[in-house]
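**Student:** the sequence and its predicted three-dimensional model are supplied below.
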Amino acid sequence: MKITFVTGGRGKVTVFADGERIAPVDEEFALSCGYKDGDEIDGAQLAAFLEAVRLRSAFLGAMRILSGRDHGKKELENKLVSKGHSRESASKTCDLLEEKGYLDDSAYALSLAKRLYESKGFSSRRIKSELLQKGISRENADYACENIDIEPVSRIIELLNTKFRNKLGTEKGNKQVFSALLRMGYSYSDIRSAMNQADISIGED
């Protein structure tokens with residue numbers, strides 16, 4: 001069968017095989033795919049070409065996602081699948097991006113752990129849970145969290161004086177802050193100890 005390329009606008013190219021539309025591709029891919037307009041192609045070559053098109057589409061999709069923010073490898077793979085790419089294409093694409101240095105789960109885990117600790121005030125336990133949910137390995141999650149919450153009571157007191165300062169002062173507000181700290185991953189005993197040291201009453205219930 002004969003393969004042909006029809007250039008459209010915005011760098012888009014439509015590929016045809018014996019006059020039947022088979023795939024849209026970008027101009028860079030069309031120029032580097034190894035085929036010229038009018039070349040003959042057999043069934044096996046066409047199947048390989050379409051696989052290359054799928055991988056190219058997943059790669060471009062991944063780069064668009066990464067232009068917004070960093071992602072972990074598994075997180076990016078799942079996001080590609082959610083956008084319609086096959087699991088196989090998404091997995092191969094993420095392997096390639098990791099090989100080329102675009103993905104680094106260890107560095108991503110450290111960066112995300114720092115952000116969750118500093119901006120969200122999360123405890124190491126909550127941070128580790130967040131990392132694991134994003135597909136970060138337990139080894140990388142443990143490493144990212146190993147220096148967080150060395151003194152959790154001091155950290156809670158700091159949060160009481162900053163993040164929650166304007167919410168304290170009433171029994172209802174104090175209890176709401178206590179519950180918020182629990183959701184952030186701090187233990188009941190550490191929160192109570194910190195509030196006692198800060199002379200914040202929360203009752204006995």
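**Tutor:** Alright, I've got the coordinates.

**Student:** please give me every residue in contact with Ala17.
**Tutor:** 1-4, 41, 46 (Cβ atoms under 8 Å, 6 or more residues apart in numbering). Where you see a C-beta, it was placed from the backbone N, CA and C, and this is true even at glycine.

**Student:** would you mind measuring from it to Asp26?
**Tutor:** Ala17 sits 18 Å away from Asp26, going by Cβ to Cβ, to the nearest Å.

**Student:** helices and strands around the longest helix along the chain, which ones?
**Tutor:** Identified as the longest helix of the chain according to DSSP state H is helix 43-68. When contacts are defined as 3 or more Cβ pairs under 8 Å, 6 or more residues apart in numbering; DSSP states H and E, helix 43-68 packs onto strand 12-17, strand 20-26, helix 27-32, helix 73-82, helix 87-99.

**Student:** swap the cut-off to 6 Å and go again
**Tutor:** helix 73-82, helix 87-99 (3 or more Cβ pairs under 6 Å, 6 or more residues apart in numbering; DSSP states H and E).

**Student:** the shortest one - what's its average pLDDT?
**Tutor:** Read that as helix 73-82. Taken as a whole, helix 73-82 has a mean pLDDT of 97.

**Student:** repeat for stretch 19-34
**Tutor:** 92.

**Student:** go on, stretch 125-140?
**Tutor:** Mean predicted confidence for stretch 125-140 is 95.

**Student:** run through who's touching that stretch.
**Tutor:** Stretch 125-140 is contacted from outside by 72, 74-75, 105-106, 109, 113, 116, 141, 145, 184-185, using Cβ atoms under 6 Å, 6 or more residues apart in numbering.

**Student:** picking up where we left off before, quick check: ChimeraX command selecting the buried ones in the contacts of Ala17.
**Tutor:** With 16 or more other Cβ atoms under 10 Å as the criterion, this ChimeraX line picks the buried residues out of those:
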select :3,41
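
**Student:** of the contacts of Ala17, which belong to helices?
**Tutor:** Among these, the subset assigned to helices under DSSP H consists of Leu46.

**Student:** low-scoring stretches of this structure, by residue?
**Tutor:** Scanning the chain for pLDDT under 70 picks out the ranges 203-205.

**Student:** which residue is nearest the centroid of this protein?
**Tutor:** Computing the C-alpha centroid of the chain and ranking residues by Cα atoms, centre = their mean puts His71 first, at 3.2 Å.

**Student:** nearest residue to that one in space, please, no chain neighbours.
**Tutor:** Counting by Cβ to Cβ, 6 or more residues apart in numbering, Ile65 is the residue found nearest to His71 once chain neighbours are left out, at 6.5 Å.

**Student:** and what of Lys163?
**Tutor:** Using Cβ to Cβ, 6+ apart, the nearest residue to Lys163 is Gly121, at 5.5 Å.

**Student:** which ones are touching the one you found?
**Tutor:** Gly121 sits next to 159, 163, 184 when contact means Cβ under 6 Å, 6+ apart.

**Student:** since that was my last question, I'll sign off now.
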